[in-house]
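> Need a 3D model of the following:
(4 chains)
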There are 2 protein chains.
Amino acid sequence: MDGVQPMTTGPRRGRPPAGGREQILKASLEVLRERGIARLTTREVAERAGVSEGSVFYHFGDRFGLLRAVFEGSLTPLLKLSVAGVAAADVRTTLENFSDAVQGFLATGLDVLLAAHGDAELREGTAAFLAEQDYGPHRGIRIIGDYLATQQAAGSVRADVDPRVVAYLIVSDALSRTMQPKLLAHAKGVPTRKAFFDSIMAMLST
Amino acid sequence: MDGVQPMTTGPRRGRPPAGGREQILKASLEVLRERGIARLTTREVAERAGVSEGSVFYHFGDRFGLLRAVFEGSLTPLLKLSVAGVAAADVRTTLENFSDAVQGFLATGLDVLLAAHGDAELREGTAAFLAEQDYGPHRGIRIIGDYLATQQAAGSVRADVDPRVVAYLIVSDALSRTMQPKLLAHAKGVPTRKAFFDSIMAMLST
DNA sequence: GTCTATAGGTTGATAGAC
DNA sequence: GTCTATCAACCTATAGAC
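Residues are numbered from 1 along each chain as shown, chains lettered A, B, ... in the order given. So this is what the prediction gives:
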């Protein structure tokens, strides 16, 4: 007994069982982030994925198809946001959790959106895809806005605030907070998350 | 008399007196926006500028130098923001004017920042340049925050709000509003500018 | 300062064996 | 499905005349 399983499942020489296709997608995302879309070559992607260039074209047809697959693959699995997933005992914690969830998504999603922006064809293709999926900030705004409206009806939130505007402030804050370090590589002079939510709660308090 | 001036100022064949260097910078910005950084070639820039490729390299050394010049040229002339420039009789109008000024700048500046993000070397070069210039949202936040603090001291703004947070909300709103159509090519579900400022003023009202 | 011509290196993509 | 060639196109950059 040496712990090695019999090779009855076919030829599996060299590398681990990792599927080539997945490796290529993963490598592409990596190159996109590290080098930028202007420097992403099918050659480097293949190298990092540990496959040949031919494999890249076999799976995705052409460079455009590869990038398209990367973008849609990164953007799709996100819109699972819901209040249920982040609901907590008090309003503040619920809002904070929601903000964290949005930021968590944006941390990945923005890289992809920014990358797409560097190539006109990809930019348009991605925009069409997003429009088709009805993707956008209005989703987050509605989810959290509805939640606030409910709380308002229950009397836990001041009656004369606009729930949708407050929801927008939270989504907008999440966007700014995620975007800033990406575009400027530093984040100074911006109020802390705590200060931000202190002010939001002051707006909401009855 | 046929309205043609004598050609005593030297050789000016073909096109108008426009300086080649400026034409190249302008064309580059144009290509950057239309096609994206991944598709910007010195060839197309030269073509659009109406000069030869050799001229491009004569003026900027290499492709990197060209893009660097474009970026720094677009980013520099901006940070002239001040309250003085937008001050109005009432608080709301002043804030709205300031917001417009920020959005006006971002409309141009963001294109450049997004483009730089598509190439790792440019991304780092631009980040270094911005850090050196102490560029960032903290400038706008401080300007408008100071203004609000003054109004607060004068009694025209409620005492228990955090001026810097409100300033941040305004800058953050400007960023979101400018960024969204660029990244998503549509803008739905976002509160109107009017609704946003209504809520801001409600926060500030004594 | 601007042009033409061209060199030299990459890059996306294909063909065919395994 | 994956690999090894291989190509044709393209792109940055340089040299030298005007």
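> Could you list the contact residues of chain A toward DNA strand C?
A:Leu40, A:Thr41, A:Thr42, A:Arg43, A:Glu53, A:Gly54, A:Phe57, A:Gly61, A:Asp62, A:Arg63, A:Phe64 (C-beta under 7 Å from any atom of the strand). Quick note: C-beta positions are derived from backbone N, CA and C, even for glycine.
> Scan those and report the most crowded one.
Ranked by neighbour count (other C-beta atoms under 10 Å in any protein chain shown), the residues of chain A next to DNA strand C have A:Leu40 at the top, with 27 neighbours.
> Spell out for me which residue occupies the centre of chain A.
A:Gly109 (2.8 Å; C-alpha atoms, centre = their mean).
> so it, which of the three states?
What DSSP: H, G, I helix; E, B strand; the rest coil gives for A:Gly109 is helix.
> need the contact list for it.
Neighbour list for A:Gly109: A:Ser74, A:Leu75, A:Leu78 [criterion: C-beta atoms under 8 Å, 6 or more residues apart in numbering or on different chains].
> The first one sits in which helix or strand?
Secondary structure assignment for A:Ser74, by DSSP states H and E: helix A:63-75.
> So which residues of chain A form helices?
A:20-34, A:42-49, A:53-60, A:63-75, A:91-116, A:120-132, A:137-153, A:163-184, A:193-204 (DSSP state H).
> What is the helix holding A:Ser74 packed up against?
helix A:20-34, helix A:42-49, helix A:53-60, helix A:91-116, helix A:120-132 (3 or more C-beta pairs under 8 Å, 6 or more residues apart in numbering or on different chains; DSSP states H and E).
> Just want the angle from it to helix A:42-49.
Helix A:63-75 and helix A:42-49 are oriented at 50 degrees to each other (axes from the mean of the first three to the mean of the last three C-alpha atoms, to 10 degrees).
> Now do the buried residues in helix A:63-75.
Residues of helix A:63-75 classed as buried: A:Arg63, A:Leu66, A:Leu67, A:Arg68, A:Ala69, A:Val70, A:Phe71, A:Ser74, A:Leu75 (neighbour count, 16 or more other C-beta atoms under 10 Å in any protein chain shown).
> For the fourth one, which non-adjacent residue is spatially closest?
Nearest-residue entry for A:Arg68: A:Gly125, 6.0 Å, with adjacent residues in sequence omitted and distances by C-beta to C-beta, 6 or more residues apart in numbering or on different chains.
> Thought A:Gly65 was touching that neighbour, still the case?
No - between A:Gly125 and A:Gly65 there is no contact under C-beta atoms under 8 Å: 10.3 Å.
> on that earlier part again, neighbours of the residue nearest to A:Arg68, how many?
Applying other C-beta under 10 Å, I find that A:Gly125 has 17 neighbouring residues.
> quick one: it and A:Leu113, what's the gap?
12 Å (C-beta to C-beta, to the nearest Å).
> before we move on, back to that, just how off-centre is the helix holding A:Ser74 within its chain?
In terms of C-alpha atoms, centre = their mean, to the nearest Å, the centre of helix A:63-75 is set 14 Å apart from its chain centre.
> and that helix with DNA strand D, contact?
No - applying C-beta under 7 Å from any atom of the strand, one finds helix A:63-75 out of contact with DNA strand D, separated by at least 12.8 Å.
> Just want the angle from that helix to helix A:20-34.
Counting by the same axes, to 10 degrees, helix A:63-75 lies at 80 degrees to helix A:20-34.
> What's the mean pLDDT across helix A:63-75?
Mean pLDDT, helix A:63-75: 96.
> do stretch A:128-141 as well
Average pLDDT, stretch A:128-141: 92.
> tell me how far it is from the chain's mean position?
Worked out by C-alpha atoms, centre = their mean, stretch A:128-141 lies 13 Å from the chain centre.
> Run through who's touching it.
Under the contact criterion C-beta under 8 Å, 6+ apart, stretch A:128-141 has outside partners A:71-72, A:75-76, A:79, A:81, A:98, A:102, A:164, A:167-168, A:171-172, A:174-175, B:176, B:180, B:184-186, B:188-191.
> pLDDT wise, what is A:Ala187 at?
Residue-level confidence at A:Ala187 comes out at 75, pLDDT.
> List the contacts of it.
By C-beta under 8 Å, 6+ apart, the neighbours of A:Ala187 are A:Arg177, A:Gln180, A:Pro181.
> Where does pLDDT dip in chain A?
Residues of chain A that meet the criterion pLDDT under 70 lie in A:1-18, A:79.
> Could you pick out the residues of chain A near DNA strand D for me?
Looking at DNA strand D, the residues of chain A close enough under C-beta under 7 Å from any atom of the strand are A:Gly19, A:Gly20, A:Arg21, A:Gly50, A:Val51, A:Ser52, A:Glu53, A:Gly54, A:Ser55, A:Tyr58, A:His59.
> which of the residues you listed has the most neighbours?
Most neighbours among the residues of chain A next to DNA strand D, by other C-beta under 10 Å: A:Val51, with 20 neighbours.
> measure it to B:Ala127 for me?
Distance check for A:Val51 against B:Ala127: by C-beta to C-beta, it reads 33 Å.
> now A:Glu30
20 Å.
> Looking at the two, which one has more neighbours?
Using other C-beta under 10 Å, the more surrounded residue of A:Glu30 and B:Ala127 is B:Ala127, with 19 against 15.
> Might you report the residue contacts of that one?
B:Ala127 neighbours (C-beta under 8 Å, 6+ apart): A:Leu184, A:Ala185, A:His186.
> Drop anything exposed from the residues you listed.
Looks like the contacts of B:Ala127 have A:Leu184 buried, using 16+ other C-beta under 10 Å.
> could I get the contacts of B:Ala127 as TSV with distance to chain B?
Putting the contacts of B:Ala127 into TSV (distance: C-beta to the nearest C-beta, whole Å) gives the following:
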residue	distance to chain B
A:Leu184	5
A:Ala185	4
A:His186	6
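> Out of the buried residues of helix A:63-75, which is nearest to DNA strand C?
A:Arg63 (3.4 Å; C-beta to the nearest atom of the strand).
> and the closest one, how far is that from A:Val70?
Distance from A:Arg63 to A:Val70, by C-beta to C-beta: 11 Å.
> Can you tell me which of the helices of chain A is most buried?
Of all the helices of chain A, helix A:163-184 has the most neighbours on average by mean count of other C-beta atoms under 10 Å in any protein chain shown, namely a mean of 22.
> distance between it and the chain's centre?
With C-alpha atoms, centre = their mean as the basis, helix A:163-184 stands 14 Å off its chain's centre.
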